[in-house]
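[1] Turn this into a structure:
(chains A and B)
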Amino acid sequence: MVEKRLKTSTKVWLTIIFIIFMGFLLWIADRTFDDYKLRVLRLIAIYGIMAVSLNLINGITGVFSLGHAGFILIGAYTASLLTLTPEQKAMSFLFGIQPWIEKLHTDFFTATIAGGAMAAFFAFLIGWPVLKLYGDYLAIASLGFAEVVRIWANNAMTITNGPLGLKAIPEYSNTWWVYGWLLFTVAFISSLVYSSYGRALKAIREDEIAARAMGINVFKHQLLAFVVGAFFAGVSGSLYAHWLTTIDPRLTTMGPMLTFYILIMIVLGGLGSITGSLIGAAIFAILFEWLRNLEQPFTFFGIHVPGIPGMRILVVSVIFILVMIFWQRGIMGREELTWENLYRWFSKLKREGEKS
Amino acid sequence: MGFSPGSFFLQNLFNAIMLGGLYALIAVGYTMVYGILRLINFAHGDIMMMGVYFAFYAATILSLSPIPAAVVAVLGAAGLGFLIDRIAYKPLRNAPRISALITAIAMSFFLESFAVVVFGAIPKSFLSVFKDRTILNKVLTIGGARIPLLTFLVIVLTAGIFAVVFWIVYKTKIGMAMRAISMDIPTTSLMGINVDMVIGFTFALGSALAAASGIMWAMRYPNVYPYMGFMPGMKAFIAAVVGGIGSIPGAIVGGLILGAIEIFAVAYFPDLSGYRDAFSFIILIVILLIKPSGILGKKAIEKV
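    As a prediction, the model looks like this:
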């Protein structure tokens, strides 16, 4: 039986209508939500950018990188140092600051681009040695890179303010900035994935030797994915910093822990699926906030339970293990939530409905 | 400080051997598991951390004296390693290797957060294990160098443990089974060897060594906290890769190299002390680029 396909123009119109509709929903949310809910709503978009960009590297190209937190940290520091005013910087750097960094001051958009560009530049540099490796070695080497960056940030007092971190970063990451960047990230990465580059990336993931035999320059394509992923990681770092308003190079804030959170999102959503990553990011952000309740004292069926710090991370890690053992596919597997697939599923449901 | 260059060197040499030995003990666990399953057991450093906590609580809550407490902790860690393999890794034996790696990361994450919730995030002092601290504080003087007795003890103990490891791996039946599995799992199981039991034993042995290393680590650096296993774990893995992953002598060589570089770089270039944790990662990238199979490793043949 020949499947009926959607026309391209229909799909474009559906997408435009969908974006306008989502924009309208966000506009309502922006006006009616309280501060706390708005912060979670923005966090979903920031996590979304992190997840989609890591998914491009890990899920679609099959380069198993654990260095994302390093790129996020680079983006966060670059952008924050640009948006803080010279007076603020002079005040918070107790051990002095490099004069050229003190003077630099830009608007939020330029700072975010600079953060992304800086992360992409580092990805380009580190990509040369790291992408020569494969599999587990690459994972450890990229994790090592992220740790080196973090250790550097902890030590370079006159550039990053060391363990004191940066404080009083303006809270520029409003709903429009973060969702605007999310839209751009998804549009850019999905058009990359559906181009000939994207098909080459998937070919490398499936079988590197076969891809090489087909004349694909494996290294060049992996480097491309790595740099693009790092750029958006840097962007998300800038947005994250201007959402958090304080950043510091601790193990738990911008260290391996953050990479693991993003890994949970993309595994939960399905490694290799962009829409899956978005769903995973949304579930993670909401679940992680909701689990905060566990860390406050609460009453469960008449039993008083005292608040236990760290409980939500324990719950998340148990979920992570269970997903890996019983549900490796995640929510979307490698499928995408496209108009085409939705249409197919609905018409299948309709046919089955007619049969019975 | 008034040290002659020679005694300064000697003092650091002993520190380097001690630190390297501790890395090597952890690295053996990585190398054995990787040799058999091609899996980086990310949770290995966290098993070391759990072992230290076991010893801490065996001494403080069960009020055991230090040596029985250490034995309880080592056995506890061995059991934990066996359980982790059974629960988390065994269901994924036939899954893609990346899935097993992600599960190992999840396991590490779980152990760390478990320790935060159950043991608390605030660092504890391991010294409270010892009621009598005279041995810990004793210092020997050799050729002008002041070396704590503890450093000697750790080096001797580590050497003794390695002798036992070599005996198990090269002289016993189970060691022979372990070596057979690392070459070919299906054939080994056709020989009538219970592969799952041997893999479980490998995890238990590796975990026991990690716990032993952790306890000695905590005697030297007595700060016990849930994330204490992360850095030593990473570095021990790097030691295993530098020496040649899959090779037990390689793990020792790699551990000693890493320990030496870390101690001597900080001793002779004190400005770099903040970056000591970064050295090993740079060494890793360099060695992987020059000789990916490590110093004593065999060259892996890529199967298509």
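
[2] Between the two ends of stretch B:58-65, how far is it?
    9 Å (Cα to Cα, to the nearest Å).

[3] Okay, buried residues for it please.
    B:58-59, B:64 (16 or more other Cβ atoms under 10 Å in any protein chain shown). In short, each C-beta sits where N, CA and C put it, glycine included.

[4] how about residue 9, phi and psi?
    Looking at chain A here, since you left the chain open. Geometry field for residue A:9 lists phi and psi as phi -60, psi -40, criterion degrees, to the nearest 10.

[5] burial of it, as a residue count?
    By other Cβ atoms under 10 Å in any protein chain shown, the residues close to residue A:9 number 8.

[6] what ranges of the stretch 151-300 of chain B fall below the confidence cut-off?
    Applying pLDDT under 70 to the stretch 151-300 of chain B flags the ranges B:298-300.

[7] dump the residue contacts of the closest residue to chain A within it.
    In the stretch 151-300 of chain B, the residue that lies nearest chain A is residue B:281 (3.2 Å; Cβ to the nearest Cβ). By Cβ atoms under 8 Å, 6 or more residues apart in numbering or on different chains, the contact list for residue B:281 reads A:141, A:144-145, A:147-148, B:234, B:238.

[8] how does it look with 7 Å?
    Contacts for residue B:281 (Cβ atoms under 7 Å, 6 or more residues apart in numbering or on different chains) come out as A:144, A:147-148.

[9] I only care about those residues that end up buried; give me the PyMOL line for that.
    In PyMOL, this line selects whichever of these come out buried by 16+ other Cβ under 10 Å:
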select buried, chain A and resi 144+147+148
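
[10] Out of the contacts of residue B:281, flag the one nearest to chain B.
    Nearest to chain B, judged by Cβ to the nearest Cβ, of the contacts of residue B:281 is residue A:144 at 3.2 Å.

[11] Correct me if wrong: the closest one contacts residue B:284.
    Yes. Applying Cβ atoms under 7 Å, one finds residue A:144 in contact with residue B:284, separated by 5.7 Å.

[12] Restricted to helices, list the contacts of residue B:281.
    Judged by DSSP state H, the contacts of residue B:281 include A:144, A:147-148 as members of helices.

[13] filter those residues by proximity to chain B?
    Filtering the ones in helices among the contacts of residue B:281 for neighbours of chain B using Cβ under 7 Å from any Cβ of the partner chain leaves A:144, A:147-148.

[14] can you tell me how far residue A:307 sits from residue A:295?
    Noted for residue A:307: a distance of 5 Å to residue A:295, by Cβ to Cβ, to the nearest Å.

[15] for residue A:304, same thing?
    Remark: distance between residue A:304 and residue A:295 (Cβ to Cβ) = 15 Å.

[16] When these two are compared, which one has more neighbours?
    Legend: neighbour count by other Cβ under 10 Å for residue A:304 and residue A:295, higher for residue A:295 (16 against 8).

[17] Get me the contact residues on the stretch 251-356 of chain A for chain B.
    A:251, A:260, A:263, A:267, A:308-311, A:313-314, A:317-318, A:320-321, A:324-325, A:328.

[18] Of those, keep whichever come out buried.
    Buried by 16+ other Cβ under 10 Å: A:251, A:260, A:263, A:267, A:308, A:310-311, A:313-314, A:317, A:320-321, A:324-325, A:328, out of those.

[19] So which of the residues you listed are in strands?
    Counting by DSSP state E, these place none of their members in strands.

[20] from those residues, which two are the most distant?
    A:308 and A:328 (29.8 Å; Cβ to Cβ).

[21] now the buried residues of stretch B:58-65 in CSV, with distance to chain A and secondary structure?
    Below are the buried residues of stretch B:58-65 laid out as CSV (distance: Cβ to the nearest Cβ, whole Å; DSSP: H, G, I helix; E, B strand; the rest coil):
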residue, distance to chain A, secondary structure
B:58, 23, helix
B:59, 24, helix
B:64, 27, coil
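
[22] Residue ranges in chain A under the pLDDT threshold?
    A:1-4, A:299-302, A:356.

[23] Go ahead and flag the most central residue of it.
    In chain A, the residue lying closest to the centroid (Cα atoms, centre = their mean) is residue A:50, at 0.7 Å.

[24] From residue A:284, how far off is that residue?
    With Cβ to Cβ as the criterion, residue A:50 and residue A:284 are 10 Å apart.

[25] again with residue A:235
    19 Å.

[26] Of the two, which one has the most company?
    Each of residue A:235 and residue A:284 has its neighbours counted (other Cβ under 10 Å); residue A:235 has more, 30 against 24.

[27] next one: phi and psi at the more buried one?
    With angles defined as degrees, to the nearest 10, residue A:235 sits at phi -60, psi -50.

[28] Check residue B:244 too.
    Per degrees, to the nearest 10, the backbone of residue B:244 is at phi 110, psi 110.

[29] List, one by one, the residues from the stretch 101-250 of chain B near chain A.
    B:101-103, B:105-107, B:109-110, B:113-114, B:116-117, B:121, B:227, B:237.

[30] thought residue A:203 was touching residue A:209?
    No. When contacts are counted by Cβ under 7 Å, residue A:203 is not listed as touching residue A:209 (10.7 Å).

[31] re earlier: who wins on neighbours among the residues of the stretch 101-250 of chain B next to chain A?
    Neighbour counts for those peak at residue B:237, which has 30 neighbours (criterion: other Cβ under 10 Å).

[32] Can you tell me how far it is from residue B:80?
    19 Å.

[33] what residues are up against residue B:106?
    By Cβ under 7 Å, 6+ apart, the contact set of residue B:106 is A:317, A:320-321, A:324.

[34] After the one helix or strand it maps to, which helix or strand is next? Please name it.
    Residue B:106 is located in helix B:97-119, with elements delineated by DSSP states H and E. Of the helices and strands lying after helix B:97-119 in sequence (DSSP H and E), the nearest is strand B:124-125.

[35] Could you report the neighbour count for residue A:209?
    The number of residues packed near residue A:209 is 11, by other Cβ under 10 Å.

[36] mind listing the strands for the chain?
    Just so you know, I chose chain A. Going by DSSP E, chain A shows strands at A:298-300, A:303-305.

[37] Oops, wrong one, chain B.
    Under DSSP E, chain B gives strands at B:124-125, B:139-142, B:145-148, B:223-224.

[38] Out of the ones you listed, which gets nearest to residue B:184?
    Nearest of these to residue B:184, taken as Cβ to Cβ: strand B:223-224 at 41.2 Å.

[39] Could you tell me which strands the closest one is paired with, and in which direction each runs?
    strand B:124-125 (antiparallel) (DSSP bridges).

[40] Quick check: residue B:129 vs residue A:164, distance?
    Counting by Cβ to Cβ - residue B:129 and residue A:164 are separated by 34 Å.

[41] higher neighbour count, those two?
    Between residue B:129 and residue A:164, residue B:129 has the larger neighbour count (other Cβ under 10 Å), namely 25 against 15.
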